[in-house]
Structures are given as structure tokens and as C-alpha cells.
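Participant: Provide a 3D model corresponding to the input given below.
(one chain, ligands or ions: 1)
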Amino acid sequence: MTVAVYPGSFDPITNGHIDIINRASALFDKLIIGVYENPDKRLLFSLEQRVKLVEEAITDLPDVCVESYAELTVEFVRKVGGKVMIRGLRASSDFEREFEMALMNRKLAPDIELVCFMASSEYQFLSASLLKEVAALGGCLEGMVPDHVAAALKEKLSIEPHGVSVREN
Ligand code: ADP
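Facilitator: Model (predicted):
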């Protein structure tokens, strides 16, 4: 049985992430989504909220589950019995950083294989950070996030209208 792990900040989960989850879950026996507790990013949602938003997005996928983690990603992958790490690549922004991380992870854990999925064309320009900016300015989020995430963004931003990260992610 091959267990794959899809790690990330998921602040919040978007349709771009969900597309990768659907495609990866069709290839592996089990997919664990790892929500990283404390990325080097300004976060809008708490760890518990990010996990809950992922949970609600995967209710139809029986072989997919979500866990949070705070340790090195490769250590988390090993701890849960993962052999493969999943990442998504958007043409515009991700390659250099992902390549750098992949080489570091390979050095730390040569036993874990990296599988990258090219983002689907409709999600190439969808990032959680841009999404939060659009949401903060009241823009339409249709097609970018599931309804429960749109509702959570609306609620969060009505409480914290300036709590939005403008950094790339
Ligand atoms: P991280 O902080 O680890 O980059 P993210 O939640 O931003 O966490 O992203 C997790 C993974 O999903 C990364 O591999 C990222 O490149 C990928 N990803 C983000 N947005 C999209 C998208 N729109 N389409 C495909 N992959 C994406």
C-alpha cells in the first residue's frame, strides 16, 4: 500500500489544492493532507480552522484524511508511513522554490519520493494569498474555493478586515 502525503499551509484550502488532492488520491492507496502549523507566512486562519476547512472539503473522498504537524515535513511523512510527498506546481511562481525544497528534502530523506502535479490551467493563477486579497476587497470568489471556504473567509474578514497576508504563497 502506497501512502502519499500532501503537505502545505492551506490558508485556506482552494480549488487548486482540491484539484491536486483529487488527482493524487486517484493514484495512491491513501492520501494524507498535512497542514503545517507554523509556516513562514502571515496566516489568516488558525491551525484548527485550516484543518477543519480541509476536512469539510474531503468528505467525499474515503481514502483521504487530514492531519496537522509541526515538525520537519519529511519527519511527518515518515511518521505517518508515507513514501511519497505530493506538491503542486504553477507555471508562474512555484518551480524554483519547490526545486530548492525538493533537493533539501532529498538530502534529509532520500527514501521519500517527490511527485509534483502540474496545476490545471484554470488554477494556474490561483494562490491563497491573492485569494485573501480579493476576499478582503469584497471580490467574487466563485470557482476559486468551495462554498464553505468562501463563507469562512467572509466571516473571518468581517472580524479581522486587515488580517490579510499580501505575501506570495
Ligand atoms: P506551502 O506554504 O507549503 O507552499 P500552500 O498551501 O501554499 O503551502 O501550497 C501547498 C502546495 O499546493 C504547494 O505545492 C503549492 O505549490 C500547491 N498549490 C498552491 N496553489 C495551487 C494551485 N492553484 N494549483 C496547484 N497547486 C497549488
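Participant: tell me the residues of this structure that contact the ligand?
Facilitator: Contact residues, the chain versus the ligand (C-beta under 6 Å from any ligand atom): 8-10, 14, 16-17, 20, 39, 87-88, 90, 94, 119, 123, 126-128, 169. In this view, the C-beta of every residue, glycine as well, is placed from N, C-alpha and C.
Participant: show me the helices in this structure, by range?
Facilitator: Assigned by DSSP state H, the helices in the chain fall at 15-25, 47-57, 73-79, 95-108, 128-136, 147-159.
Participant: report all helices and strands that the last one contacts.
Facilitator: In this structure, helix 147-159 packs against helix 47-57, helix 128-136, with contacts taken as 3 or more C-beta pairs under 8 Å, 6 or more residues apart in numbering; DSSP states H and E.
Participant: mean pLDDT and mean neighbour count for those - can I get that in CSV?
Facilitator: CSV is the format used below for the helices and strands packed on helix 147-159 (pLDDT from 0 to 100; neighbours: other C-beta atoms under 10 Å):
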stretch, mean pLDDT, mean neighbour count
helix 47-57, 98, 19
helix 128-136, 92, 20
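Participant: re earlier: ok, of the residues of the chain next to the ligand, which come out buried?
Facilitator: Taking 16 or more other C-beta atoms under 10 Å as the criterion, what is buried in the residues of the chain next to the ligand is 8-10, 14, 16-17, 20, 87-88, 90, 94, 119, 123, 126-128, 169.
Participant: how about V80, phi and psi?
Facilitator: For V80, the backbone dihedrals (degrees, to the nearest 10) come out as phi -90, psi 10.
Participant: pLDDT at it, what is it?
Facilitator: Note for V80: predicted pLDDT of 98.
Participant: doesn't E67 make contact with it?
Facilitator: Yes - V80 is within contact range of E67, at 6.7 Å (criterion: C-beta atoms under 8 Å).
Participant: so L31 touches N22, yeah?
Facilitator: No - checked against C-beta under 8 Å, the pair L31 and N22 is beyond contact range at 9.6 Å.
Participant: of those two, which one has the most company?
Facilitator: Between L31 and N22, counted using other C-beta atoms under 10 Å, L31 has the larger neighbour count: 26 against 15.
Participant: contacting residues around the more buried one?
Facilitator: Taking C-beta atoms under 8 Å, 6 or more residues apart in numbering, we find L31 in contact with 3-6, 21, 24-25, 61, 63-65, 86.
Participant: brilliant, that's me finished.
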